[in-house]
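Visitor: sequence first, then the predicted structure, then my questions.
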Amino acid sequence: MNMSKNGEVLLTWEDLWVTASSLKDGNKAILKGLTGYAKPGQLLAIMGPSGCGKSTLLDTIAGRLGSSTRQKGDILINGRKQTLAYGTSAYVTQEDTLMATLTVKEAVYYSAELQLPNSMPKSEKKQIADMTMKEMGLQDAMETRIGGWSGKGISGGQKRRVSICLEILTRPKLLFLDEPTSGLDSAASYYVMKTIASQCQGRTIIASIHQPSTEVFSLFHSLCLLSSGRTVYFGPANAAIEFFALSGYPCPTLQNPSDHFLKTINSDFDQDIEEGQTSRKSTEEVINILIKSYSDSDKYRAVQSQVAEICKQKQESPYLKSRLCWLNDFLNHVQEGEVLEKRSRASFTTQSLVLTRRSFVNMSRDLGYYWLRLAVYIVIAVGLGTIYYDVGFSYTSIQSRGSMLMFVATFITFMAIGGFSSFVEELKVFQREKLNGHYGSGSFVIANTLSAIPYLVLVSFIPGAIAYFLTGLQGGFEHFMCFALVLFTCMMLVESLMMIVASIVPNFLMGLITGAGIQAVMCLSGGFFRLSNELPRVFWKYPLHYVAFHKYAYQGLFKNEFEGLKIHDENMKRLIKGEDILKYKWEMDMDYSKWVDLAILLGMIILYRLLFLLLVKAGEKVKPAVRAIMSNSPQQINSAETPLHEFAA
Ligand SMILES: Nc1ncnc2c1ncn2[C@@H]1O[C@H](COP(=O)(O)OP(=O)(O)OP(=O)(O)O)[C@@H](O)[C@H]1O
């Protein structure tokens, strides 16, 4: 049976369990045996009190569950067991991750260029972007910057609408929305949901929602009502009122049905609920009555048989079945040719160019990215220039030159971590867009590298020139160029190192400390604080001395300065050759030239950036595969809670 026509998506989940494990609480079940489906052409709303598991259910069926949770149960896409791959669906998360420096119009235009295929003319892309912004009621905010931690911009509700706008630009076949109306007034909620509902034709839309008005509720085709991770109701939205009435909890006249449902099943405040004229029941009892009523109902049986029909799995032994499931999942991840096709989008070159432009604009507007650093570097360069002003050619100038160059190679480059917070913000946007399949990691790495180059040239050449000429280091264009280029490559290396750190360490402060720590250890083994032949052989010399970029930075700068230099030794009345100073005082490796050191530094930049790409790609491929394997391992979930059928008993 071909269940997917024109790329439509039918999503089913059966006996879905999700547990979170913590040292303190042990295993805690968040979702408890949920079964349901989402059909093309329908808008399914997931409702329930705060903390009932709406986001967890969305994350689970969208294949985005975090590593701290475990899942069990089958999720089928068009009747086939596969996890949603990157780029096959769109997901509007609860948190708005947007580029704060862009205006609404710029953000949507860039996104349209990134997502819509190359074959579409630019004017048409703009038209789609304009139309979508209008549908989301953003026409008056188009020229306003989004804003964020660096400055106020559009309102929270407008940000929400921008986030939705970016994801519905391509009219995805499968769309997940986590609380799309939070922060919106009732009219805005209605218009936003109406736009979303109007796009249902041939598409599957699943939205978690807190408190829809009667008008918004009427837009839903199906409703999944949860309480503490259990299904209270799953079925047509317009039949939910009847279900509550038949279960003994009719919606009072003139009351918003969703208000009534949520009030009845919210156990957080444990108010007794009136039943008929006299008796009152605790919320927990009421919830159990509703769950039992649902599991005894025709609706429940209809859902079960619908899902069973779609699944039509062979009756294997439970052990063999689970083994085959995870093998199948694993193969889905390692093999090419997902059943659910990725959306067509702009070419790699277009994406890289658009991202470079966007990143360049972002860097130019974000003061913390480069401008503040440039100002601080200029102050430090003037400081260096005045401390070592006109260093001269006396014997003592050897130490002064060495210290000045060491300061440049270590501390000025070290401060390149100053842009980390801005990079982390950009990385968050990248992660969201990558997960939603807007573009791949390769385009991001290329764009980030290209857009940063002009700024790094500025922050290395201007302060570099001030410090270089005030100090009076070796004259000549070639010498200055080598000095500035080593400074430039070191700054780029530190930025590349911080990219790697950011991809491993999830937290900004932890990333900053980790990056600083790695650099401190590397600079200790660089060959200045302890000369290379005096370094302890284990770890510090082999391998760290050869791995740390500081060795090549020190060597490049020192060779550049001392080669061809003549120092006057006033006491001994003799001239000392710079080459001898390099060999005997600084113990430099003289077998190769300063340009080789520079080339090694450039090679390291490429290596570091490739490593970042590899880590991101590995996360993309390995995480879902591991999750799929883990989710079906037989001893995964140790019945942390009572199964649904026991509640029903
Ligand atoms: N990784 C996790 N580790 C531990 N507990 C978790 C984890 N993820 C979710 N939970 C818990 O599971 C419950 C459901 O969380 P979830 O975010 O799905 O609720 P929600 O219905 O979306 O809430 P809200 O409407 O407030 O966003 C909460 O009690 C939450 O604390």
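Guide: The structure has been received and is ready for your questions. Small disclaimer: the values here were computed from a predicted structure and weren't measured.

Visitor: mind listing the helices for the stretch 51-200 of the chain?
Guide: 54-61, 104-115, 122-135, 156-168, 186-198 (DSSP state H, counting those that start in this stretch).

Visitor: for the shortest one, what does the pLDDT average out to?
Guide: Predicted confidence along helix 54-61 averages 94 (mean pLDDT).

Visitor: mind listing residues that contact that helix?
Guide: Helix 54-61 is touched from outside by 11, 13, 16, 18, 30-31, 34, 38, 46-48, 65-66, 69, 71, 75, 91, 94, 176, 178-179, 206, 208, 224, 226, 229, with contacts defined as C-beta atoms under 8 Å, 6 or more residues apart in numbering. Where C-beta positions appear, they are placed from N, C-alpha and C, glycine not excepted.

Visitor: which of the residues you listed are buried?
Guide: 11, 13, 16, 18, 30-31, 34, 38, 46-48, 65, 69, 71, 75, 91, 176, 178-179, 206, 208, 224, 226, 229 (16 or more other C-beta atoms under 10 Å).

Visitor: keep only the contacts of helix 54-61 that also lie close to the ligand.
Guide: 30, 48, 66, 69 (C-beta under 6 Å from any ligand atom).

Visitor: tell me which two of these sit farthest apart.
Guide: Gly48 and Gly66 (19.9 Å; C-beta to C-beta).

Visitor: re earlier: now the helices of the stretch 51-200 of the chain in a markdown table, with distance to the ligand?
Guide: Output for the helices of the stretch 51-200 of the chain, formatted as a markdown table (distance: least, C-beta to the nearest ligand atom, whole Å):
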| stretch | distance to the ligand |
| --- | --- |
| helix 54-61 | 3 |
| helix 104-115 | 25 |
| helix 122-135 | 25 |
| helix 156-168 | 14 |
| helix 186-198 | 15 |
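
Visitor: okay if I get these as CSV plus mean neighbour count?
Guide: Below are those laid out as CSV (neighbours: other C-beta atoms under 10 Å):
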stretch, mean neighbour count
helix 54-61, 23
helix 104-115, 23
helix 122-135, 16
helix 156-168, 23
helix 186-198, 18
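
Visitor: for Leu374, which of the ones you listed is the nearest?
Guide: helix 104-115 (23.9 Å).

Visitor: in CSV, could you pull the C-alpha coordinates for the closest one?
Guide: The C-alpha trace of helix 104-115 is given here as CSV (Å, rounded to 0.1, in the frame of the first residue of the first chain):
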residue,chain,number,x,y,z
VAL,A,104,12.6,41.2,10.3
LYS,A,105,12.7,41.7,6.6
GLU,A,106,16.4,40.9,6.3
ALA,A,107,15.9,37.7,8.4
VAL,A,108,13.0,36.5,6.2
TYR,A,109,14.7,37.5,2.9
TYR,A,110,17.9,35.7,3.8
SER,A,111,16.0,32.7,4.9
ALA,A,112,14.0,32.6,1.7
GLU,A,113,17.2,32.8,-0.3
LEU,A,114,18.7,29.9,1.8
GLN,A,115,15.7,27.6,1.6
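
Visitor: residues from the stretch 201-350 of the chain in reach of the ligand?
Guide: Looking at the ligand, no residue of the stretch 201-350 of the chain is close enough under C-beta under 6 Å from any ligand atom.

Visitor: ranges for the strands of the stretch 201-350 of the chain?
Guide: All strands of the stretch 201-350 of the chain, identified by DSSP state E, counting those that start in this stretch, fall at 204-208, 222-227, 230-236, 273-275, 279-281.

Visitor: confidence score at Gln646?
Guide: Wrong residue type there; residue 646 is Glu, not Gln. At Glu646, pLDDT is 39.

Visitor: any low-confidence regions in the stretch 1-150 of the chain?
Guide: 1-5, 23-25, 83-87, 150 (pLDDT under 70).

Visitor: switch to 90 and redo it
Guide: 1-9, 20-28, 63-71, 74-89, 148-150 (pLDDT under 90).

Visitor: per the annotation, how does the protein divide into domains?
Guide: Structural domains annotated on the chain: 96-171, 348-591, as defined by automatic domain parsing.

Visitor: could you dump these to TSV with distance to Ile605?
Guide: What follows is the domains of the chain, written out as TSV (distance: least, C-beta to C-beta, whole Å):
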stretch	distance to Ile605
domain 96-171	25
domain 348-591	5
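
Visitor: of all those domains, which one is nearest Ala618?
Guide: Taking C-beta to C-beta, domain 348-591 is the member of these nearest to Ala618, at 9.5 Å.
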